[in-house]
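Trainee: What follows is a predicted structure for the sequence shown.
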Amino acid sequence: MRSPSPLLRASVATGFFATGILACALAGCSASSSGNTPAPPTTPTTYAGVGFGGKAMAGNQPLVGASVQLYAAGTTGSGSSGTALLTPALTTNSSGAFTVPASYVCPTDTSQLYLVARGGQAGAAANSAIAFFTALGACNQIAASSQFVTNEVTTVAAAYALAQLLSPGANLGASSTNTVGLGNAVATAQALANITTGSSPGSSFAANGASPAAAIDSVANLLNACTVATPGTSACTSLFAATTVPGASAPTNTLDAVLNLVRNPAANVAALYALSTASTAFTPALTSAPPDWTLSVNYTGGGMNSPSGLGIDANGNVWVANYFNVASLFSPLGKPLVAQGITGGGLSASYGLAVDANGNAWIPDEPGTTLPGNSVSVLNISGASVAGSTGYTVGGLDYPIAVAIDTDGSAWVADYGNSHLTHLSSSGAALSGAAGYTSPLLAFPAALAIDSSHNVWVGNQGDTTVTRVSSNGTQFTSFTCCDDPSALAFDQHGNLWIANYYGNSVSQIAASGSLVSVAGYAGGGIDHPQGIAIDGAGNVWIANFRGNALSQLASASAAVPGAVLSPSGGIGSAAGLLEPFALAVDASGNIWVSNFGSNILTEYIGLAAPVRTPLLTLPAAP
């Protein structure tokens, strides 16, 4: 048997034990219903919008003679066509101003609205390549007589935040089952750019976040260079050439160009940066070319202390486990919902975390120097312990290190200390007996994933195998595949993807049980991969503990399954990751990463295909 890696060995913990019920700090959250009867369905009704004003600007210059249209986002899928609400469209005056009259009809009161300004003149001549975008928010949240700006900055912010929900031609939409993801994405766009001033960041940007304004301003300057240029000159043609996706037609307007940039952040980085320096309309801007054009925000606070496992609930709130006896909870905009974090409830030396269908966070606790551990803490959105003051302690828990939630609400826990598995009901009863399930095939289990047949797959850190365990704990089957499997994730088709911490690679086991990648997929910056997640399109995302960047592999259904999609040094290194431990994708398409070595939670804006949350067994588009 191989010795366990130093990273996941039990280590000394310090801290203190506290109890208490914490008030819900999330605006708009509500108490759970005490009954089981669902609310009656409501029929969507149209809603008369209020009047407001606006201004289209190109840098500091008014955009004169631009066509302005107000849209309601589509509801038939990501990038579905929006509904135009103004007949006819408006035209900006000599100061770039326009007035939207009241009584336009929104499809529903909560329809997400956005403005698009096309064409107009800011430079020597009219420029048909101009397309600006501003995300306004829900129809019933717009105050009468508000004043909004649409310019390069609001366009860039929206392109990043809404990247996975936009399609060329200014079509914004989401499925009818992903109103949360769409709403959170619009809120993120407004946090990145102030839609009343046209500058970055917005007034709702989290105080505990590091503003990415310099990156946003650089991309805005890139658009501005085209916006104020004489049509047909190199500023626009060079922009469109540098943002053309191989095999596709070149974009013809600034919005489609920046959307291509956001979706292909590692392409033509130096050339695009050079083009951006032609304008100084927005400051502060980057002083040198970035490694890529990913946009990230680093958040601190929330009591984070060696953050490890993380998970996302149905509202987009982000739970983070920490090694040093605390759990952290952040809003979809990265604001701590409990300023100093949550303590008590058995929390001690935690590495794993999973969120159940009710939004509760399940966190396995190893023993610490002052805390008993060998428990599983369960916390609700209010910060209260669902599992009592000590957490659940039944089922033979022994240095529990990882947890996964099945669709029936039960939790599987990997016991690193005795190489057992503990199965707990949703109420914490031991379903696996007093000692848990075990087999000689289990060797320092450190990672778990559950397939669609309720089998539990276990990554054995002390061996070169993963083990499939039947739902009743009676059948164990091992597959030789790996080199210190540190994290497991299923894709939509039941393929299992395995992060090999020591192998600097990712293995794949097909749903049939056959090993797909014999040597493992490598390259693209994969360096001691510690976390792995699958997005809504089946792409594989990896957090590299030593590489301090993300890696991306093509999905199992791609022309070349497992093909490396990230550069040789990984992607997103400008975020300054330090020992990235776990990652998860939310319903807006953001990737959240815990940094074990820096007490930082990193959000990559709009980088991945959205996933329905919380993640239970196989991932799915929301």
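Mentor: That came through, no problem. Numbers count the residues shown, from 1 in each chain.
Trainee: How about Asn305, nearest residue that isn't a chain neighbour?
Mentor: Leaving aside its chain neighbours, Asn305 sits nearest to Phe324 (3.9 Å; criterion: Cβ to Cβ, 6 or more residues apart in numbering). C-betas here are computed from N, CA, C, even on glycine.
Trainee: now His420
Mentor: Excluding the flanking residues, the one nearest His420 by Cβ to Cβ, 6+ apart is Gly436, at 3.8 Å.
Trainee: can you check Leu550 too?
Mentor: Gly572 (4.7 Å).
Trainee: Neighbours of the one you found, how many?
Mentor: Around Gly572 sit 29 other residues, with neighbours defined as other Cβ atoms under 10 Å.
Trainee: What separation do you get for it and Ala361?
Mentor: For Gly572, the distance to Ala361 (Cβ to Cβ, to the nearest Å) stands at 25 Å.
Trainee: roughly how far apart are the residue nearest to Asn305 and Ala135?
Mentor: Note on Phe324: its distance to Ala135, by Cβ to Cβ, is 38 Å.
Trainee: Neighbour count for these two, which is higher?
Mentor: Ala135 (27 against 21).
Trainee: Return the residues in contact with Ala89.
Mentor: Neighbouring residues of Ala89 by Cβ atoms under 8 Å, 6 or more residues apart in numbering: 67-69.
Trainee: Now that we have those residues, which of them are buried?
Mentor: Among the contacts of Ala89, those classed as buried by 16 or more other Cβ atoms under 10 Å are 67-69.
Trainee: average pLDDT across stretch 272-290?
Mentor: What stretch 272-290 shows for mean pLDDT is 97.
Trainee: List the buried residues of it.
Mentor: For stretch 272-290, burial by neighbour count (16+ other Cβ under 10 Å) applies to 272-273, 275-276, 278-279, 281-282, 285-286, 289-290.
Trainee: Quick one: distance of stretch 212-222 to the chain centre.
Mentor: In terms of Cα atoms, centre = their mean, to the nearest Å, the centre of stretch 212-222 is found 21 Å from the chain centre.
Trainee: And stretch 512-528, by the same measure?
Mentor: Distance of stretch 512-528 from the chain centroid (Cα atoms, centre = their mean) equals 24 Å.
Trainee: Which residues outside it are in contact with it?
Mentor: 468, 477, 479-483, 495, 500-510, 542, 544-547, 549-553, 556, 561-562, 564-571.
Trainee: Show me the residues you listed that map onto strands.
Mentor: Counting by DSSP state E, the contacts of stretch 512-528 place 468, 477, 479-480, 500, 505-509, 542, 544, 550-553 in strands.
Trainee: Weed out the non-buried ones from the residues you listed.
Mentor: Burial by neighbour count, 16+ other Cβ under 10 Å: within those this picks out 468, 479, 500, 505-509, 542, 544, 550-553.
Trainee: returning to what we had before: settle this for me: the residue nearest to Asn305 is touching Pro307, isn't it.
Mentor: No. Judged on Cβ atoms under 8 Å, Phe324 makes no contact with Pro307 at a distance of 9.6 Å.
Trainee: Give the residue farthest from the middle of this protein.
Mentor: The C-alpha centroid of the chain is most remote from Ala124, which lies 41.8 Å away (Cα atoms, centre = their mean).
Trainee: can you pull the contacts of Thr92?
Mentor: 55-56, 62-66, 68, 98, 117, 120.
Trainee: between these, which is closest to Asp535?
Mentor: Top of the list for closeness to Asp535, among the contacts of Thr92 and by Cβ to Cβ, is Ala117 at 31.6 Å.
Trainee: Let's test this: mean pLDDT of the helix or strand containing that closest one, rounded?
Mentor: Assigned by DSSP states H and E, Ala117 falls within strand 112-118. Average pLDDT, strand 112-118: 98.
Trainee: and that strand, what does it pack onto?
Mentor: If you count contacts as 3 or more Cβ pairs under 8 Å, 6 or more residues apart in numbering; DSSP states H and E, strand 112-118 packs onto strand 67-72, strand 131-138, strand 147-150, helix 179-192.
Trainee: tell me which of the ones in strands among the contacts of stretch 512-528 is nearest to Val149?
Mentor: Taking the ones in strands among the contacts of stretch 512-528 together and measuring to Val149 by Cβ to Cβ, the closest member is Leu550, at 33.0 Å.
Trainee: so what's that closest one bridging to?
Mentor: Judged by DSSP bridges, the bridge partners of Leu550 are Ala543, Ile571.
Trainee: picking up where we left off before, out of the helices and strands packed on strand 112-118, nearest to Pro336?
Mentor: Among those, the nearest to Pro336 by Cβ to Cβ is helix 179-192 (14.9 Å).
Trainee: From the contact counts, what lies against the helix or strand following that closest one?
Mentor: Downstream of helix 179-192, the next assigned helix or strand under DSSP H and E is helix 213-227. Using 3+ Cβ pairs under 8 Å, 6+ apart, the elements in contact with helix 213-227 are helix 152-161, helix 234-242, helix 254-263, helix 269-276.
Trainee: So for the second one, what gets flagged as buried?
Mentor: This points to helix 234-242. 235-236, 238-240, 242.
Trainee: contacts for it?
Mentor: Outside helix 234-242, the residues that touch it by Cβ under 8 Å, 6+ apart are 127, 129, 222-223, 225-226, 229, 250-252, 254, 257, 267-268, 271-272, 275, 278.
Trainee: can you list the domain ranges for the protein.
Mentor: What automatic domain parsing lists as the domains of the chain is 47-192, 297-604.
Trainee: Take those and lay them out in a markdown table including distance to Ser203.
Mentor: What follows is the domains of the chain, written out as a markdown table (distance: least, Cβ to Cβ, whole Å):
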| stretch | distance to Ser203 |
| --- | --- |
| domain 47-192 | 8 |
| domain 297-604 | 12 |
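Trainee: Of all those domains, which one is nearest Ala213?
Mentor: Ala213 lies closest to domain 47-192 among the domains of the chain, at 8.4 Å (Cβ to Cβ).
Trainee: can you give me the end-to-end distance of that closest one?
Mentor: This stretch, domain 47-192, spans 28 Å end to end (Cα to Cα, to the nearest Å).
Trainee: same check, this time on stretch 561-570
Mentor: For stretch 561-570, the end-to-end distance is 18 Å (Cα to Cα).
Trainee: Same question for stretch 255-269.
Mentor: Its first and final residues considered, stretch 255-269 spans 18 Å by Cα to Cα.
Trainee: May I see the buried residues of it?
Mentor: 255-263, 265-269.
Trainee: do stretch 63-77 as well
Mentor: Within stretch 63-77, the residues scored as buried using 16+ other Cβ under 10 Å are 63-75.
Trainee: Looking at the residues you listed, which two lie furthest apart in space?
Mentor: Across the buried residues of stretch 63-77 (Cβ to Cβ), the longest gap, 34.3 Å, separates Val64 and Thr75.
Trainee: what's the neighbour count on Gly409?
Mentor: By the criterion of other Cβ under 10 Å, Gly409 has 15 neighbours.
Trainee: what do you get for the one 5 residues further on?
Mentor: Applying other Cβ under 10 Å, we find 29 residues neighbouring Ala414.
Trainee: Distance check, it against Ser594.
Mentor: Per Cβ to Cβ, Ala414 is found 18 Å from Ser594.
Trainee: How about Thr75?
Mentor: From Thr75 across to Ser594, the span is 33 Å (Cβ to Cβ).
Trainee: and if you look at Ile498?
Mentor: If you go by Cβ to Cβ, the gap between Ile498 and Ser594 works out to 20 Å.
Trainee: ok so, going back, who's in contact with the residue nearest to His420?
Mentor: With contact taken as Cβ under 8 Å, 6+ apart, Gly436 is in contact with 395-397, 415, 418, 420-423, 430.
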